[in-house]
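Undergrad: could you work out the structure for the sequence below:
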Amino acid sequence: MKLEQVVHSFLEYCAVEKNFSTHTLRSYKRTLSEFVAEAQEGNATVSGVQPSDIRAFVHGCSERGLSSSSIRQHISVLKSFFAFLYREEYTPVNIAARVVFPKPSKSLPSVSEVVALNSLIDSLPEKEPKDIRNKAMIELLYSSGLRVSELCSLQLVKVVPSTLRITGKGNKTRVVPLGESAKRLLQLYIDEARPLLSKEVTSALFLNNRGNAISDRSVRRIVHNVLELIQNGAKASPHVLRHSFATHLLDEGADLQAVSEMLGHSSLSTTQQYTHVSVERLKNTYAKAHPRSGNRN
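TA: Numbering: from 1, shown residues only. Alright, predicted model coming up:
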């Protein structure tokens, strides 16, 4: 059996059993398509694929200049795929079980400065329906730390509450707060903008210009175009807003456990990366401001 023939079964398992988001499924499919195309020059069978094929793929990723985090992500996909093949008895052994992850890079999450980000959001227009929608989405991503997939899965409500119940990764449910600015923009969008975008009966909260549920790709494009104005060449993805949400809370003394719960992290260690960001920001502030730092003119 050709290796590519079981990829579809695996992706279906990820969608149905694991409840992966569209974005994650697209990423998995891209990685597996690249691996299948390269393994034994595209001729690998399920029984014939070898650990050397995985090593060659990983080496190729490194040769192309991919970051360690990207390579780790590719390896994670392959490990999940071959664990699935072994569990479903397609293969007698899990050939990816001993693949070693490269050491994670020490790059810190990209974070926007508080003043610049707040000024940017405040300056966004509220004239056209799509303007109100875009501003409400960006406000919600930043003020509540949502993932794009979580934003796109929100359902329409008549009255905006003070908290939102979110179903995140692994089908886990959590409660996130809504600030007053987010509540105002959401209510404005629901009352005035959404009715002008809606052309079909749909329960999705955020709609595209054709009246259908907005896609994660559209949200990423909208956010990227807005954040480019202040990122100065740094990353301008929606995850920057999530990173900023966590870092700005910790900068102001928020409890790490509480931030972890609001982000929906399964492990506190995942949230701890933001404490390193906060420490780096403190160091930079000290270096720029303190008369004894040695960096002032």
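Undergrad: distance of Lys183 relative to Pro102?
TA: Using C-beta to C-beta, to the nearest Å, one gets 44 Å for the distance from Lys183 to Pro102. (Each C-beta comes from the backbone N, C-alpha and C, glycine too.)
Undergrad: repeat that for Arg194.
TA: 45 Å.
Undergrad: what do you get for Leu78?
TA: Using C-beta to C-beta, Leu78 is found at 13 Å from Pro102.
Undergrad: repeat that for Gly179.
TA: According to C-beta to C-beta, Gly179 and Pro102 sit 39 Å apart.
Undergrad: who does the lengthiest helix in the chain touch, helix- and strand-wise?
TA: Using DSSP state H, we find that the single longest helix of the chain is helix 68-87. Counting contacts by 3 or more C-beta pairs under 8 Å, 6 or more residues apart in numbering; DSSP states H and E, helix 68-87 packs against helix 3-16, helix 22-38, helix 51-63.
Undergrad: so for Ala204, which of those sits nearest?
TA: Judged by C-beta to C-beta, the one of the helices and strands packed on helix 68-87 that comes nearest to Ala204 is helix 22-38, at 13.3 Å.
Undergrad: tell me the angle that closest one makes with helix 3-16.
TA: Using axes from the mean of the first three to the mean of the last three C-alpha atoms, to 10 degrees, the inter-axis angle of helix 22-38 relative to helix 3-16 is 170 degrees.
Undergrad: tally of neighbours for Leu205?
TA: For Leu205, the neighbour count with other C-beta atoms under 10 Å is 22.
Undergrad: wait, what's in contact with it?
TA: Leu205 makes contact with Leu154, Gln155, Leu156, Val157, Ile190, Arg194, according to C-beta atoms under 8 Å, 6 or more residues apart in numbering.
Undergrad: so the fifth one sits against Gln155, correct?
TA: No - counting by C-beta atoms under 8 Å, Gln155 is not a contact partner of Ile190; they are 11.5 Å apart.
Undergrad: who has more neighbours, those two?
TA: A count of neighbours by other C-beta under 10 Å puts Ile190 above the other of Ile190 and Gln155, at 18 against 9.
Undergrad: any idea how far Val148 is from that one?
TA: The gap separating Ile190 from Val148 is 20 Å, by C-beta to C-beta.
Undergrad: coming back round to it: the contacts of Leu205 in helices, which ones?
TA: Counting by DSSP H, the contacts of Leu205 place Arg194 in helices.
Undergrad: returning to what we had before: so the longest helix of the chain versus helix 51-63, what angle?
TA: Here helix 68-87 points in a direction 160 degrees away from that of helix 51-63 (the same axes, to 10 degrees).
Undergrad: buried ones in helix 68-87?
TA: Residues 68, 70-75, 77-82, 84-86 are the ones in helix 68-87 that count as buried (16 or more other C-beta atoms under 10 Å).
Undergrad: before we move on, what about stretch 257-268?
TA: Residues Val259, Ser260, Met262, Leu263, Gly264, His265 are the ones in stretch 257-268 that count as buried (16+ other C-beta under 10 Å).
Undergrad: one more: stretch 213-233?
TA: In stretch 213-233, the ones that count as buried by 16+ other C-beta under 10 Å are Ala213, Ile214, Asp216, Ser218, Val219, Arg220, Ile222, Val223, Val226, Leu227, Ile230, Gln231.
Undergrad: over to stretch 186-206?
TA: Using 16+ other C-beta under 10 Å as the test for burial, stretch 186-206 gives Leu186, Leu188, Tyr189, Ile190, Ala193, Arg194, Leu197, Ala204, Leu205, Phe206.
Undergrad: can you check stretch 93-102 too?
TA: Neighbour counts over stretch 93-102 (16+ other C-beta under 10 Å) mark Ile95, Ala96, Val99, Pro102 as buried.
Undergrad: now, which of those sits nearest Arg64?
TA: Among the buried residues of stretch 93-102, and counting by C-beta to C-beta, the member closest to Arg64 is Pro102, at 13.9 Å.
Undergrad: quick one: the nearest residue to the closest one once chain neighbours are set aside from Ala83, how far?
TA: Closest residue to Pro102 apart from its sequence neighbours, by C-beta to C-beta, 6 or more residues apart in numbering: Ser68 at 4.6 Å. Separation of Ser68 from Ala83 (C-beta to C-beta): 22 Å.
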